[in-house]
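A.B. asks: Give the three-dimensional model of this entry:
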Amino acid sequence: MNANKGKFVLVVEGAIPTKDGGIYCKIGGRTAMDILQDVAGKAGAVIAIGSCASWGGIPSADPNPTGATGAPQLLPGKTVVTIPGCPANPYNLLGVVLQYATLGTLPALDSQGRPLFAYTRTIHEDCPRRAHFDAGRFAERFGDEGHRQGWCLYKLGCKGPQTHASCSVLHFCDVVNAWPIGIGHPCVGCTEQKLAFRVPLHDTVEIDRPVPPDTYPAINPVNEMVTMITATRAYEANVAALNAARVMAMKALEIGGN
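C.D. replies: Residues are numbered from 1 along each chain as shown. Take a look at the predicted model:
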């Protein structure tokens, strides 16, 4: 491997146990911690695929008995491209690897090491059910009329408003419904460490931008009538001000004439 130092891409899959010296995952008598640090030191690029390798995933959920964590936490000072997801979209991995193989560069990354080309926007922004959200049509219970009609799943615990991922626009292996919302289940937020396996599955989350403008302005904004009244009052105020100015000017002319 030393002969190929810097000439290969290391792809890490799975969480790495760290408790008790990392004894909960061994291969050939070596801990996963040791193998990761050894191979990563020789790799030209390191990619953590899946939420487990990116930040610990399910194994790191409380109480985390094995001290499971992700590759970036064990490789301080080294750039690790993270591609979280359960599972991660293979196209996102392919995009990173091909760019490195052809150009020798890595894509722009966010603060968590995720490629911006795949994790910039939230699922909520491009969700196929977004029109129902904007129209106020929500499924209240699994199997109710709204659920059967494909209405928004926010009230059932959808984490889409805080989940950065490309699931809604880049389908897993070209299968349109191969993701939670596609089969009628709320997004579980699997790409977000603060959400996945930490916030109860069907609890709602805050919406970063709860009112328009979000991706586009509303067709019938709630404050439309208020805006019309305000405009009318502003017009009346301007007319009154002009009339007052005219009266004052006429009085000034009368005084000057006298």
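A.B. asks: worst-scoring helix or strand of this structure, pLDDT-wise?
C.D. replies: The weakest-scoring helix or strand in the chain, judged by mean pLDDT, DSSP states H and E, is helix 224-257 (a mean of 56).
A.B. asks: quick one: low-confidence parts of the stretch 51-200 of the chain?
C.D. replies: Along the stretch 51-200 of the chain, no part satisfies pLDDT under 70.
A.B. asks: For it, which segments count as strands?
C.D. replies: Secondary structure of the stretch 51-200 of the chain (DSSP state E, counting those that start in this stretch): strands at 80-83.
A.B. asks: And the helices in it?
C.D. replies: Along the stretch 51-200 of the chain, counting by DSSP state H, counting those that start in this stretch, helices occupy 51-55, 71-74, 90-103, 116-119, 123-126, 130-134, 145-148.
A.B. asks: Just confirm residue 21 is within a strand.
C.D. replies: No - counting by DSSP: H, G, I helix; E, B strand; the rest coil, residue 21 is located in no strand; its state is helix.
A.B. asks: and it, how many neighbours does it have?
C.D. replies: Neighbours of residue 21 under the rule other C-beta atoms under 10 Å: 11. For the C-beta atoms, the positions are set from N, CA and C on the backbone; glycine is no exception.
A.B. asks: Compare the helices of the stretch 51-200 of the chain and give me the one nearest residue 81.
C.D. replies: For residue 81, the closest of the helices of the stretch 51-200 of the chain is helix 90-103, at 5.5 Å, according to C-beta to C-beta.
A.B. asks: which residues are in contact with that closest one?
C.D. replies: The contact list for helix 90-103 (C-beta atoms under 8 Å, 6 or more residues apart in numbering) reads 9, 11, 44-45, 47, 49, 81, 83, 85, 105-107, 115, 117-118, 166, 170, 172-173.
A.B. asks: ranking the helices of the stretch 51-200 of the chain by burial, who's on top?
C.D. replies: Of the helices of the stretch 51-200 of the chain, the one with the most neighbours on average (mean count of other C-beta atoms under 10 Å) is helix 51-55, at a mean of 26.
A.B. asks: same for that one, what does it pack against?
C.D. replies: Helix 51-55 sits against strand 9-13, helix 71-74, strand 80-83, with contacts defined as 3 or more C-beta pairs under 8 Å, 6 or more residues apart in numbering; DSSP states H and E.
A.B. asks: Just send those back as TSV, with distance to residue 179 too.
C.D. replies: Listed next are those as TSV, based on distance: least, C-beta to C-beta, whole Å:
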stretch	distance to residue 179
strand 9-13	20
helix 71-74	24
strand 80-83	15
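A.B. asks: before we move on, back to that, wait, which of the helices of the stretch 51-200 of the chain is closest to residue 5?
C.D. replies: helix 90-103 (15.5 Å).
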